[in-house]
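> Here's a sequence, model it:
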Amino acid sequence: MGDIDSFRGYVDGVALGKLKVQRLAFDLRDIQISPMELFVDQRLHFTSFGQGHIEGIIHQDDLKRYIEQYLSNSSAKGLTIETVEISDRGVLMGGRIDVGGFLSGKVIIQGRLETDGNTLYFTTEKLSIGGATLNRLSSGAVKSIPLYDFGEFPIPVRLNRVETGREEIHVFVHPVAQ
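Numbers count the residues shown, from 1 in each chain. Okay, the predicted model is just below:
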C-alpha cells in the first residue's frame, strides 16, 4: 500500500457537472492508495481514508446560471430567473413567467437546499405568481431541481451537510474508501 499522511489545498473555479464551484477546499489525512493501480492504470485508487473533509463554495451568481440553464432544458418554458439571493434562511429567486399569455407575471420562488442520498437539490417551498402564493407544489420543473450527484465526484465521497449564508452555499463532504 502507498501512504499519504496529509493532502491539503484548494482549487478555484472548478465545475461539478454543470455547476460552477468558486472554491473547493480539501484537508485529507491518513490516505492509503493502491500503488499497483497507479502504476498500471495511471489512476489513483483510494483504499482507505483517515480523517478529512472537502468543502465546496458555490456563489449565488453561479447558482443562478445553473438554474437558468436547467430551466431552459426542462418543461418550464416561459419561466425566466432574473435574481437569486442566498441567505441563512435559504434561497430566494425572482423572475418572470409568460406561458402564451395564459399565465404571466412576476415570479418569486422561495426554497432551500436538501440532500437525498448523495445528491444535492434545490427544493421549492413557496411559489408566488403575480402576487398569488401557491404553497403546495405537486409536480413541475421548479419543485425539485437536482444540483449535483456526489456519486459523480472524482473521488468517492459522502455528502455531510449544506449551509447557506452571505450569498454562498457551503457544501461539506467527506471521503470514503472505494
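
> all helices for this structure, in order.
Along the chain, the stretches classed as helices by DSSP state H are 35-40, 60-72.

> right, so of these, which gets closest to Asp5?
Of all the helices of the chain, it is helix 35-40 that lies closest to Asp5, at 15.6 Å by C-beta to C-beta. The way it works is simple: take the backbone N, C-alpha and C, and place the C-beta from them, glycine included.

> Quick check: buried residues in that closest one?
The neighbour-count check on helix 35-40 (16 or more other C-beta atoms under 10 Å) flags Glu37 as buried.

> ditto for stretch 113-130
Residues 113, 118, 120-124, 127-129 are the ones in stretch 113-130 that count as buried (16+ other C-beta under 10 Å).

> The residues you listed: which two are farthest apart?
Greatest spatial distance in those: Asn118 and Ile129, 33.1 Å, computed using C-beta to C-beta.

> Measure how buried Tyr66 is and give me the count.
Tyr66: 21 surrounding residues under other C-beta atoms under 10 Å.

> Tell me who's in contact with it.
Each residue near Tyr66 by C-beta atoms under 8 Å, 6 or more residues apart in numbering is listed here: 18-20, 147.

> So, low pLDDT: which residues of this structure?
1, 75-76, 135-142, 178 (pLDDT under 70).

> Centre-most residue in it?
For the chain, the residue sitting closest to the mean C-alpha position, by C-alpha atoms, centre = their mean, is Leu147 at 4.2 Å.

> My guess is it contacts Lys20. True?
No: at 11.2 Å, Leu147 does not count as touching Lys20 under the criterion of C-beta atoms under 8 Å.

> any chance you could map the strands in this structure?
For the chain, strands defined by DSSP state E occupy the ranges 2-16, 19-33, 46-48, 52-59, 79-87, 90-99, 103-116, 119-129, 132-134, 144-149, 157-165, 168-175.

> Outside of the fifth one itself, list whatever touches it.
By that I understand strand 79-87. Contacts for strand 79-87 (C-beta under 8 Å, 6+ apart): 60-61, 63-64, 67-68, 71, 91-97, 107, 109, 141-142, 164-169.

> And that strand, what's buried?
79, 81, 84, 86.

> Strand partners (parallel or antiparallel) of it?
strand 90-99 (antiparallel) (DSSP bridges).

> same check, this time on the last one
For strand 168-175, sheet partners with direction are given as strand 52-59 (antiparallel), strand 157-165 (antiparallel), following DSSP bridges.
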